[in-house]
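Colleague: 3D, please:
(chains A, B, C, D, E, F, G and H, ligands or ions: 10)
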Amino acid sequence: MSFRYEVRLSGEGGQGLVLAGKVLAEAAAIYDDKNATQSQSYGPEARGGASRSEVIISDEDIDYPKAVNIDLLLALTQESVNKYHSDLKDDGILLVDSDACSEIPEGKFKVYGVPIIQIAREKVGKVLVANIVALGVITEVAKVVTREAVEAAILARVPKGTEELNLSAFKAGVEAAQELGS
Amino acid sequence: MSFRYEVRLSGEGGQGLVLAGKVLAEAAAIYDDKNATQSQSYGPEARGGASRSEVIISDEDIDYPKAVNIDLLLALTQESVNKYHSDLKDDGILLVDSDACSEIPEGKFKVYGVPIIQIAREKVGKVLVANIVALGVITEVAKVVTREAVEAAILARVPKGTEELNLSAFKAGVEAAQELGS
Amino acid sequence: MESFDYSPYLREKKFPLIWCAGCGHGIVMKAILRAIDRVGWDRDDMVMVSGIGCSSRMPGYVDFNTLHTTHGRAIPFATGVKMANPDLHVIVITGDGDATAIGGNHYIHAARRNIDLTVVLLNNSIYGMTGGQVSPTTPKGKRASTAPFGNFEASFNISGLAEAAGASFVARGTAYGAVQLSKYIEKALLKKGLSVVEAISPCPTVFGRRNAMRSPVEMYEDIHENSVSVKKAGTMTADDLEDKIITGVLTDIEKPEYTTEYKKLIATLGGSS
Amino acid sequence: MESFDYSPYLREKKFPLIWCAGCGHGIVMKAILRAIDRVGWDRDDMVMVSGIGCSSRMPGYVDFNTLHTTHGRAIPFATGVKMANPDLHVIVITGDGDATAIGGNHYIHAARRNIDLTVVLLNNSIYGMTGGQVSPTTPKGKRASTAPFGNFEASFNISGLAEAAGASFVARGTAYGAVQLSKYIEKALLKKGLSVVEAISPCPTVFGRRNAMRSPVEMYEDIHENSVSVKKAGTMTADDLEDKIITGVLTDIEKPEYTTEYKKLIATLGGSS
Amino acid sequence: MSKKTQQEAPPVIEIIVERCKGCEICVEFCPTDVLAIDNGIAVVINLDACTSCQLCDLRCPDFAITVK
Amino acid sequence: MSKKTQQEAPPVIEIIVERCKGCEICVEFCPTDVLAIDNGIAVVINLDACTSCQLCDLRCPDFAITVK
Amino acid sequence: MPVTKRDDRVRVMTGNEACAEAALAAGLKFFAGYPITPSSEIAEELSTKLPASGGKFIQMEDEISAMGAIIGASLAGAKSMTATSGPGFSLKQENIGYACITEVPCVIVNVMRGGPSTGLPTMPAQSDVMQARWGTHGDHPIIVLCPQSVAETIDLTVRAFSLTEKFRIPVILLMDETVGHISEKIRLPKYEELEIYERHKPTVPPEEYLPYRHTDNDIPEMATFGSGYRFHVTGLCHDETGFPTNNPVEIEKQMLRLNRKLERYRDEIIEVETAGDEDAEIGVFAYGSTARSAKRAMLMAQEKGIKTCFLRPRTMWPFPDLEVRAMGEKVRSIIVPEMNLGQIAHEVEWAVAGQAEVIKVNKISGEPISPPEILAAIEKAVK
Amino acid sequence: MPVTKRDDRVRVMTGNEACAEAALAAGLKFFAGYPITPSSEIAEELSTKLPASGGKFIQMEDEISAMGAIIGASLAGAKSMTATSGPGFSLKQENIGYACITEVPCVIVNVMRGGPSTGLPTMPAQSDVMQARWGTHGDHPIIVLCPQSVAETIDLTVRAFSLTEKFRIPVILLMDETVGHISEKIRLPKYEELEIYERHKPTVPPEEYLPYRHTDNDIPEMATFGSGYRFHVTGLCHDETGFPTNNPVEIEKQMLRLNRKLERYRDEIIEVETAGDEDAEIGVFAYGSTARSAKRAMLMAQEKGIKTCFLRPRTMWPFPDLEVRAMGEKVRSIIVPEMNLGQIAHEVEWAVAGQAEVIKVNKISGEPISPPEILAAIEKAVK
Ligand SMILES: Cc1ncc(C[n+]2csc(CCOP(=O)(O)OP(=O)(O)O)c2C)c(N)n1
Ligand SMILES: Cc1ncc(C[n+]2csc(CCOP(=O)(O)OP(=O)(O)O)c2C)c(N)n1
Ligand code: SF4
Ligand code: SF4
Ligand code: SF4
Ligand code: SF4
Ligand code: SF4
Ligand code: SF4
Ligand SMILES: [Mg+2]
Ligand SMILES: [Mg+2]
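Modeller: Numbers count the residues shown, from 1 in each chain, chains lettered A, B, ... in the order given. Ligands and ions are numbered 1, 2, ... in the order given. Next comes the predicted model:
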């Protein structure tokens, strides 16, 4: 059967997870020549940020664009861990912010804990870029998109003047993942 | 088959033909204990008066409430004579304002000419009551409603203070019809 | 002096007019045509847009590009016409019901945007077309088919509303004072921005009859007696002005016009329109 | 001094509020509740009606009879409530988009009728709920998601509009000046007739961010700096007043109120309501 | 030209009967009683009195009367 | 009672953490710098300075802070 | 010999007048409208009679606000109604949907004229029958009644109030211009004897009240604003408490309950008239004023020896599918005359699912369909 | 190693962005809108891009006026569009009817969310499909297209403009929230190569121009305001000249011509996608984003050995009845998954007229229907 990789990015509204999802999808689709979709769930109206963003990467047409059998779940809050971990595949990856999420449920999935928000705040200097730090970790642990593609996609998406900041956030994420020894 | 009598009152908007139709229907329905419907056709919106008013009198339920096989056609203008005479029954009655309608088409129907408007103006003193004069003629020639019923219906419908005027218009119509010797 | 020749502006095949004997709408229509004639615009460049109502039947009789839309919505349709082709001269014909009841919101928003339309509002204080229901401009105490005990709602000062909303030109005239009315309309046509001319236009059939004005002429005389020029009104007390029709140019200010501003934006962005 | 105890008026189970951090709507809500408390009305007799928008979510949090209607239509629904039972105290909560864009017509007609409703209009100069589109009160030049090059439409003076349409009480306050705001609301509640309180309520999320106001606090300071009391405004020039927020009671007149007049009509006709 | 002299031809008042609705506006607002209603239609009854002031034309709602 | 005397108990500032969104309004508009944001939530850092002026409460949009 | 009225309850009135009269009899206390031909007489009548009976009439600024006002009034306890025609009916659709999702009782009268758009303002049509079912966005329940005569307008107006108050589903009284404007002899019912249904109110203490409770009968009790039950009403999807929810389970539960009411009470809601031969080979299905021609056509056909039967929905929606299906199983062909292009014939086709041929007789010229036109179709069908 | 974009026309964009992009490619010159979730991004995109390409964008005061404005602009010669969602779509209905009867080309986008009323503003639904056909009063023609993906949104937006300009029938692009908000990889078409249909203008001299002429092809030529053809446009029933008429013959002639266009050009307007087994015993009929799940379900069923086929209307209205009927004659059961309570399943039932069993799979919780849910229905059907 064809290759299909499902990522769900979850946390709170305002954490930039939609943007992270779009960057991931663009990296895969535009720079890595795969197929990709990104979608999200909203709160009551469009106003607030979405709290859930999903990316499907495949080498075929993507018919059902929602994640049902998740390969990688990013959870930036304990609540999202609790709510979504059961959608993970048996050999899936649960990537949590290790400061925010202390209770890790049992499961056949692999678990990685990275202090993503702390890295953003302390190593990069802006909590705001936690989403990009997370992208760095994901790129490294999921291995479905190339680092170069993600970097190119970041540069294409982020506001002028913030390129350096975002690239260093991405790098910090990649490095944190490498330290996990994966 | 059951008794069904179809009357069409035609002329110009503003000649009070809807009111005349309603009075006729009420005379038959309320005071003569028959069944009756009255309907009309309008101009482009509700504003103008209707130029055509139809009354069906029957001793049964009236299903189709439009006149199709007319027993009596009142025409106050030449135009209405031309437009509607062909809907008359073979033994129907064509009642025209003899001043307004000079060309009377051929047909198997009976034709009565009465100077209705002139009677209203000259005998009664108000062009406005030509519709009630016409009712008098119709009552007399059609013989489907009683004179008393029409008088009662007139009294119930016309504005306070105009009762006498209208009754005398009705009477003038009745008399004009009687002069026809019908 | 020769009579003004309306025929080049008319669709005479469509005559006689649908309006009742003595209805003011025909007089206002003439005032509009004379104003257009003086301004000298080409009929091909004129668009007349209306809503629904007796007044709104006017476009059917004039030989322009004409658009008889839905009730209350003439201004939005006109806005689309004008934006798509700002070279067209767009006149909106509307009634008190059309413009200030169902269409009130479009009326104030067009004024706010100050888009270059000329709105001629034929105010007869009643819904003529549907048979005489109360309108937002029916004076207190007057009877209407849906105000059988006399209207007890306050009525709009519709010119005042246009001013408050931002219109750059507002005038009021009457079918009686048809010469002046035509002058106000001319000024309105020439104004770059949203201009409103309120034309007091009697409805003998469903307003007059219900309110003890038996003949059209009586209604015109009534207007005549109650009209006060804006200049004279300045010298009168509020009490004296009650029930009076203040005529004249009420507002005339310069403000940026919508389609002009839009053109500038397109130019800035390098788009060609 | 004890803190005011809001809890009897709240549906605390529904907390936290849906609004963003720093959104002015919560401050206005508090001002309303304090005003109601001072007036002393029973919660069972209070009806709060809103349209759609961030502001219009308020009724969900207050323990009254509450009605969250369709976009722009709060005033008509409220009109029905009030007419059916004039003993109820009806407050309309609405936003600048809700009341003056899609709902503009109902706004001016309620003012014309002078029906006894208290309209609190939370003006944040933007469509908050749908993500920051331009509104009829967005100041010229400000950016919005549908005014990417800066808004070039003129904006409504919405209090002025209410006055021109006939409202009997109009006031303007701000979320910064929350004490005064509450006083205006109290007066509005007590007024028999259509009263409008325009409450300037900052939207940090979709207005502030797009217009270089990075924090909520900055927006409140901005309001503070630009507020001028109606009294002081009287001494200033039009130029000086540009971009200023004039606060205070702007109109307060006595006029016949709609439901009261209707009651009289019923009494005259011998009907019992 | 606009001054009326004895030599001048009298004005021509044209009434389009198909359009006239007999509203009496022209009749009542004619300053010199030139017009009247006959059988529901405006008619000229006193052409000599006409001053060509055009008020009848100005106010006729039905484009039914012109003066030349 | 409303006059602050030395004997009086210090005011009780209550912050409902589930409601506080860390908007900093209370912090910035407190005249005596009683409050601060910690980890995205308002906290009391200088209770003694509190004058019970209630401005924090007045302007907190989230009904999250009260002073007794 | 002076004539006296024999029966005090005998009247000649139009369908529009009858509608106003019957609404008052059913307890109407609030009417909000906006004039439009051919419905305006309903408003005009009520502007006089409502205040005289202690009710309230208001002419709003447009149809949207009229619809909003009646929902508000209904929540404050008044039996409420509005009346309009096609263009106004289109404008009311958004707020009709609001009444559907919030289950607020109200009656909406649409006196149909020719459409689309301004169309034929003074002429009859039946071309809003599909719109009456589907005019607002989203899945929603709605009840639509179609009177054929002035007398039936009395019955169905009263019934509209009973159904809406009982089931908390907005009811549309779909008249046509012919019914609205025809004057007919009728006998007014004795108002004291009318079966009037009053809203089912909660009996639990206010703190236990759930405005959208999943009751056994699927119809939550309805409190009145000002009665001590302080509840929340929203057009957002909500749960039993009436507050908005994003929980898919709660959303679906409520939406299914809402819509289920139509199925569950189908037999109580649907009323049809049947007539004609048991062993008919031709069926005629018609409604509104057209049904009068259709019935006459049936009689004419029978006189010519054609076995014919007749089915007329007094309730148009929910659609009387079983009744139509039963007819379809009996006859060879069903004639469906309508003053539109075959809107309900489509439903008849659906209901008979190929069991009988469906023959459309359509007219959209603004003129009614006459008995001979229908008879012709019957005669053609038997050939 | 710096990465460079391989193909300049490859993009990741949302359905809403794609709609805006394609409209510009098709020649859009005027957009009037009013914000509403989940359609607002279409307006936001165009507020930037339209003026940059010499077109005009305006945010109107409401949806009614936005609809009016695009009709006006279209008459003045601009290709015009508006976009909205359920509540706004309801409000636009009256003026949509105006565009129908006056035959003014325009495109109306409805990005469907859950309803009725405010419903579920941020969640997908397909519950306006019947409203799209019947939302306005009166018989009227309308074309409705339903894209399933971002890429198809490009195609169908361009197609919407071609169809509306060619046939003078308003076209509704009926997206759902999923399609509107999903970001997908697409390849932009070469704009130069797009097949763009331009309005057919009159060639006769102005005095001979009949704006509603009974042409051989049933589509009158359309002049532009300001082009020297001074004609009249009205929402009243009119004759060939465009002026109102009360003549029943003329009325019916025009109305029949109007509505006949849909039948006559049916095959040109209707587009469907078919897939699956020739000898299928189960058919799946689905549209919009649900069709993606449905197709996946078909593949899953085939893997399990169930002979399955698939039919997807890209054109929803006119309804592809013949195509559905053909499927109905082939298969035993047709599964119809929809994010509503079975609106189109009803049409499928009508079209198959009892030839096949129709099985509804419905969801109105705001969540999309997943492939396994549809597969379950397929498996149950074969049992
Ligand atoms: C949506 C809609 N609602 C109502 C109507 C009915 N209607 C037609 S004209 C009119 C009022 C017209 O009044 P006004 O604008 O004052 O014009 P007048 O006839 O007085 O000149 C109404 C209510 C309609 N055509 N469409
Ligand atoms: C008929 C309709 N059109 C559009 C919308 C979308 N909508 C919801 S709220 C809103 C604007 C709200 O703005 P405002 O009233 O200023 O409230 P705020 O969110 O700024 O407090 C819009 C356009 C809708 N719900 N219904
Ligand atoms: S009803 Fe009134 S407004 Fe209409 S045409 Fe007659 S006089 Fe004029
Ligand atoms: S979007 Fe703006 S108005 Fe809405 S809650 Fe957030 S800050 Fe308040
Ligand atoms: S004013 Fe015109 S319509 Fe009226 S009577 Fe004179 S000529 Fe006839
Ligand atoms: S032109 Fe003057 S004087 Fe002559 S008929 Fe007309 S109104 Fe009378
Ligand atoms: S004002 Fe309220 S919400 Fe904001 S930081 Fe202070 S306590 Fe928290
Ligand atoms: S009560 Fe006053 S002084 Fe005390 S914390 Fe609040 S704002 Fe500061
Ligand atoms: Mg009027
Ligand atoms: Mg706002």
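Colleague: where does the closest residue to A:Arg147 other than its chain neighbours sit: helix, strand or coil?
Modeller: Excluding the flanking residues, the one nearest A:Arg147 by Cβ to Cβ, 6 or more residues apart in numbering or on different chains is A:Thr139, at 5.6 Å. No exception for glycine: its C-beta is placed from N, CA and C like everyone else's. Assigned with DSSP: H, G, I helix; E, B strand; the rest coil, A:Thr139 falls in the helix class.
Colleague: hmm, A:Thr139 is touching A:Gly173, no?
Modeller: Yes. If you go by Cβ atoms under 8 Å, A:Thr139 and A:Gly173 touch, sitting 7.5 Å apart.
Colleague: these two: which is more packed in?
Modeller: The neighbour count for A:Thr139 versus A:Gly173, taken as other Cβ atoms under 10 Å in any protein chain shown, is higher for A:Gly173 (30 against 23).
Colleague: which element is that one on?
Modeller: Using DSSP states H and E, the element containing A:Gly173 is helix A:163-179.
Colleague: buried set for that helix?
Modeller: If you call a residue buried by 16 or more other Cβ atoms under 10 Å in any protein chain shown, then helix A:163-179 has these buried ones: A:Leu165, A:Asn166, A:Leu167, A:Ser168, A:Ala169, A:Phe170, A:Lys171, A:Ala172, A:Gly173, A:Val174, A:Ala176, A:Ala177.
Colleague: in a markdown table: those, plus distance to G:Met130 and pLDDT.
Modeller: Formatted as a markdown table, these follow (distance: Cβ to Cβ, whole Å; pLDDT from 0 to 100):
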| residue | distance to G:Met130 | pLDDT |
| --- | --- | --- |
| A:Leu165 | 58 | 95 |
| A:Asn166 | 54 | 96 |
| A:Leu167 | 58 | 96 |
| A:Ser168 | 61 | 96 |
| A:Ala169 | 56 | 97 |
| A:Phe170 | 56 | 97 |
| A:Lys171 | 61 | 97 |
| A:Ala172 | 61 | 96 |
| A:Gly173 | 57 | 97 |
| A:Val174 | 60 | 97 |
| A:Ala176 | 61 | 96 |
| A:Ala177 | 59 | 95 |
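Colleague: which of these sits closest to H:Ala32?
Modeller: Distance to H:Ala32 across the buried residues of helix A:163-179 (Cβ to Cβ) is lowest for A:Asn166, with 37.4 Å.
Colleague: how close does the closest one get to A:Arg157?
Modeller: Separation of A:Asn166 from A:Arg157 (Cβ to Cβ, to the nearest Å): 9 Å.
Colleague: now swap in G:Ile36 and tell me
Modeller: For G:Ile36 relative to A:Arg157 (Cβ to Cβ), the value is 53 Å.
Colleague: so between the two, which is more surrounded?
Modeller: G:Ile36 (29 against 16).
Colleague: quick check: the more buried one touching G:Thr82?
Modeller: No. Taking contacts as Cβ under 8 Å, G:Ile36 lies outside contact range of G:Thr82: 10.9 Å.
Colleague: now do E:Asn65: how many residues are near it, please.
Modeller: Actually, residue E:65 is Ile. It isn't Asn. 24.
Colleague: one more: G:Thr203?
Modeller: 8.
Colleague: which of the helices or strands spans it?
Modeller: Using DSSP H and E, G:Thr203 maps to neither a helix nor a strand.
Colleague: so it makes contact with G:Ser227?
Modeller: No. G:Thr203 lies out of contact with G:Ser227 (Cβ under 8 Å); the separation is 11.8 Å.
Colleague: what do G:Ile36 and G:Thr82 both touch?
Modeller: Any residue near both G:Ile36 and G:Thr82 by Cβ atoms under 8 Å, 6 or more residues apart in numbering or on different chains counts here, and that gives G:Glu63.
Colleague: neighbours of the closest residue to G:Gln148 other than its chain neighbours, how many?
Modeller: Closest residue to G:Gln148 apart from its sequence neighbours, by Cβ to Cβ, 6+ apart: G:Ala291 at 4.6 Å. Counted with other Cβ under 10 Å, the neighbours of G:Ala291 add up to 25.
Colleague: could you check how far G:Ala291 is from G:Pro147?
Modeller: In terms of Cβ to Cβ, G:Ala291 sits 10 Å off from G:Pro147.
Colleague: one more: G:Arg292?
Modeller: In terms of Cβ to Cβ, G:Arg292 sits 11 Å off from G:Pro147.
Colleague: repeat for G:Leu24
Modeller: 17 Å.
Colleague: these two - which one has more neighbours?
Modeller: The residue with more neighbours, out of G:Leu24 and G:Pro147, is G:Pro147; 28 against 22, by other Cβ under 10 Å.
Colleague: quick check: the residue of chain E nearest chain F.
Modeller: Closest residue of chain E to chain F, Cβ to the nearest Cβ: E:Pro61 (61.0 Å).
Colleague: how far away is the closest residue to A:Ala130 other than its chain neighbours from C:Ala188?
Modeller: Leaving aside its sequence neighbours, A:Ala130 sits nearest to A:Ala120 (Cβ to Cβ, 6+ apart; 3.9 Å). According to Cβ to Cβ, A:Ala120 stands 61 Å off from C:Ala188.
Colleague: neighbour count for those two, which is higher?
Modeller: Taking neighbours as other Cβ under 10 Å, A:Ala120 and C:Ala188 compare with C:Ala188 leading, 27 against 23.
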